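Colleague: Provided below are the primary sequence and the corresponding predicted coordinates.
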Amino acid sequence: MARRAPLWLDAGMDLPVPYAAPAEGENVPFRLFRPAEQRLPFVLASPHSGRDYPESFLRQTRLDALARARSEDAFVEEIFGDAPRLGAPLLAATFPRVFCDVNREPWELDPAMFEDPLPEFVNSRSPRVGAGLGTIARIASGGEAVYRGRLTFADAEARVRGYWQPYHAALSALIAETRARFGACLLLDCHSMPAHPQAGAAAPDIVLGDAHGTAAEPRVTRAAEQILCDLGYRVRRNDPYAGGYVTRHYGRPREGVQALQIEIARRLYMDEARVERTAGFAQVRADMARLVERLGAVWERFLLA
């Protein structure tokens, strides 16, 4: 008997990579918010705002609920939640980054975290692995150790195949679908950034990452920067966030796909200590809707002229 597609996939969506659905009782990998009609050649993605913690992870972790929440890009999928109303799909991971980070290669793993040897294809030497922030994180954003003991490679493989691959399959399909329909696609990869203790008054409100001009054409980044500056934000490019795996992997301007990472300072919309929305949340959400709307107008008038 042919295996039916899981209900959390849109009907007819082709998956360009193999995947395995999460085990029964575990969380589904993503939520896809489609517009009634896609009017913009944009795809928005929130890879780090997931907060559905699988029971298997909760049994393994040392982190309490607040420490887990502080490692999330909390509320980012809500901040960009007007995108479907404006005519662009929004893809949001439901699982947390500390469980499986989709802004990493699929197999960036630290051998010291595992009780059994890792396969040769694993990338164990990347700077991200060395910092404890591989596909399966060793430490949380506050520097705390994530796990009580060592994992097995089977743990990592289940996360990559059950969560990482379905998320990227959906993202790849959305980009391909958008490019086929409009001739081009702009991927906005949406994140938040914590306060830096030494940044002070000079801290940027938003950092735009285009992998130093390789993931998006300068005019694309410049247009987004100008819109945000006009809205009153202090904007910086590529410092300290130039874009992770998603930006660098999907951003291929010569093939008609631009990718731009957006990092929003959490202090603008949330209490970082308590992980609670503040009065600034509504303004930031409204401004991100304006960014998408105005980028759409700029794209139509200038970028594709």
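Modeller: Cool, got the structure. Numbering: from 1, shown residues only.
Colleague: dump the helix or strand hosting residue 283 to PDB, restricted to CA.
Modeller: Here residue 283 sits within helix 281-298, counting by DSSP states H and E. What follows is helix 281-298, C-alpha atoms only, in PDB (Å, rounded to 0.1, in the frame of the first residue of the first chain):
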ATOM      1  CA  PHE A 281       5.600  44.500  19.600                       C
ATOM      2  CA  ALA A 282       2.600  45.900  17.600                       C
ATOM      3  CA  GLN A 283       4.800  48.700  16.100                       C
ATOM      4  CA  VAL A 284       7.500  46.300  15.000                       C
ATOM      5  CA  ARG A 285       5.000  43.900  13.400                       C
ATOM      6  CA  ALA A 286       3.300  46.800  11.600                       C
ATOM      7  CA  ASP A 287       6.700  48.000  10.300                       C
ATOM      8  CA  MET A 288       7.700  44.600   9.100                       C
ATOM      9  CA  ALA A 289       4.400  44.500   7.100                       C
ATOM     10  CA  ARG A 290       5.400  47.900   5.600                       C
ATOM     11  CA  LEU A 291       8.800  46.500   4.700                       C
ATOM     12  CA  VAL A 292       7.300  43.600   2.800                       C
ATOM     13  CA  GLU A 293       4.700  45.800   1.100                       C
ATOM     14  CA  ARG A 294       7.300  48.500   0.100                       C
ATOM     15  CA  LEU A 295       9.800  45.900  -1.000                       C
ATOM     16  CA  GLY A 296       7.100  44.500  -3.300                       C
ATOM     17  CA  ALA A 297       6.600  47.900  -4.800                       C
ATOM     18  CA  VAL A 298      10.300  48.600  -5.300                       C
END
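Colleague: list the buried residues for it?
Modeller: Using 16 or more other CB atoms under 10 Å as the test for burial, helix 281-298 gives 281, 284-285, 287-296, 298. (Each C-beta comes from the backbone N, C-alpha and C, glycine too.)
Colleague: packing partners of that helix?
Modeller: Helix 281-298 is packed against strand 42-46, helix 76-79, helix 83-86, helix 218-230, with contacts defined by 3 or more CB pairs under 8 Å, 6 or more residues apart in numbering; DSSP states H and E.
Colleague: what's the average pLDDT for that helix?
Modeller: Here helix 281-298 scores 97 as its mean pLDDT.
Colleague: what's it in contact with?
Modeller: 39-40, 42, 44, 75, 78-83, 85-88, 186, 188, 223-224, 227-228, 231, 233, 264, 268-270 (CB atoms under 8 Å, 6 or more residues apart in numbering).
Colleague: confirm residue 32 sits in a helix?
Modeller: No: the assignment for residue 32 (DSSP: H, G, I helix; E, B strand; the rest coil) gives strand, which keeps it out of a helix.
Colleague: for it, what are its contacts?
Modeller: By CB under 8 Å, 6+ apart, the neighbours of residue 32 are 10, 89, 90, 91, 92, 170, 174.
Colleague: filter these to the buried ones?
Modeller: Using 16+ other CB under 10 Å as the burial test, the contacts of residue 32 include 89, 90, 91, 92, 170, 174 as buried.
Colleague: pLDDT value on the second one, please?
Modeller: Residue 90 is assigned a predicted lDDT (pLDDT) of 98.
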